[in-house]
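Enquirer: sequence unavailable; structure follows:
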Ligand SMILES: Nc1ncnc2c1ncn2[C@@H]1O[C@H](COP(=O)(O)OP(=O)(O)O)[C@@H](O)[C@H]1O
Ligand SMILES: O=P(O)(O)OC[C@H]1O[C@](O)(COP(=O)(O)O)[C@@H](O)[C@@H]1O
Ligand SMILES: [Mg+2]
């Protein structure tokens, strides 16, 4: 069978491991694997290349995605998707493996409805996809954030400051919660765990009175202006405060072992699903096992609130 693979949406460390696994296991099972450049854009513009065992050599340890990625809002239009399907048909490519986040899943489901054999793999640092305990890229991003918190604690403590650290996650607080716990944050503010400003100010005043040298606040992006919050805290508590927006550094870097393993497992599992004539599904990891679920069961669903949210309150 001819199989195409693409990465779409925000890049995530471990995407290359997943592509590599699709190529290596695909060729092992006798398939031909084509890499699509820059996500859905490459499908529409017919930018695809045959990938061999050799083409993915050395890719396991590389961050980002060597195929490139993009956001293509026009892919919501049926005429644009039809062009993608026609390009695949002209090359006799029967199946497509997409690696991306929730938006990529939506595009994949639409393609599946149009008759293409599609499998979705969860690749995003946000860990915001239902049906899987973890997404490819999340663990590496957590590691990067923890490293930043550790460094910010050094300078906070030296200057006796409250350090506010804004992390990514879009509408999901998982990055903030996991990294905040690892970094010993006093406060973790996320869409699922809103800020109680009066309580926070009272506690920071108390910490100041106790002579504490620092406090760490980790907050998900898009909730508020962190620099304004730093000024408010300084004024209201007398505990000098500074904010740092971590930004795109969270998306880059060498994938950690967990993401290399997750990408390798998911890429191989996707090919094996196609071998078994299973498609129209997305892959997940649940209780350490590979699973698959129809796109329709995942898209638009909410992830249950992570149980680690209650841990934060007990140990901070
Ligand atoms: N409803 C949709 N129908 C078709 N394609 C979509 C839809 N939503 C998103 N996409 C495609 O998926 C791409 C990636 O989605 P995006 O939300 O940007 O990133 P991610 O997949 O990482 O969440 C979009 O740029 C668009 O091309
Ligand atoms: O790269 P852009 O377009 O600025 O998008 C930023 C967004 O991408 C992410 O890094 C990853 O999100 P996606 O996986 O949904 O693309 C979010 O955490 C962040 O909000
Ligand atoms: Mg997303």
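Expert: Noted; the coordinates are in hand. Small disclaimer: the values here were computed from a predicted structure and weren't measured. Ligands and ions are numbered 1, 2, ... in the order given.
Enquirer: next, count neighbours for the closest residue to ligand 3 within the stretch 201-316 of the chain.
Expert: Ranked by CB to the ion, the top residue of the stretch 201-316 of the chain for proximity to ligand 3 is residue 299, at 11.6 Å. Using the backbone N, CA and C atoms, a C-beta is placed for each residue, glycine as well. The tally of other residues near residue 299 (other CB atoms under 10 Å) stands at 18.
Enquirer: residues in contact with it?
Expert: Contact criterion CB atoms under 8 Å, 6 or more residues apart in numbering gives 102, 105-106, 109 as the residues in contact with residue 299.
Enquirer: how far away is it from ligand 2?
Expert: 13 Å (CB to the nearest ligand atom, to the nearest Å).
Enquirer: re the thing from before, just the buried residues of the contacts of residue 299.
Expert: Taking 16 or more other CB atoms under 10 Å as the criterion, what is buried in those is 102, 105-106, 109.
Enquirer: closest to ligand 3 among the residues you listed?
Expert: The shortest separation between ligand 3 and any of the buried ones among the contacts of residue 299 is 4.4 Å, and it belongs to residue 102 (by CB to the ion).
Enquirer: got the contact list for the closest one?
Expert: Neighbouring residues of residue 102 by CB under 8 Å, 6+ apart: 124, 128-129, 299.
Enquirer: now secondary structure and distance to residue 41 too, for those, in TSV please.
Expert: Formatted as TSV, the contacts of residue 102 follow (DSSP: H, G, I helix; E, B strand; the rest coil; distance: CB to CB, whole Å):
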residue	secondary structure	distance to residue 41
124	coil	18
128	coil	23
129	coil	22
299	coil	21
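Enquirer: from the contacts of residue 299, which two are the most distant?
Expert: 102 and 109 (10.7 Å; CB to CB).
Enquirer: so the closest residue to residue 130 other than its chain neighbours: helix, strand or coil?
Expert: Counting by CB to CB, 6 or more residues apart in numbering, the nearest residue to residue 130 once its immediate chain neighbours are dropped is residue 301, at 4.3 Å. Assigned state for residue 301: coil (three-state reduction, DSSP: H, G, I helix; E, B strand; the rest coil).
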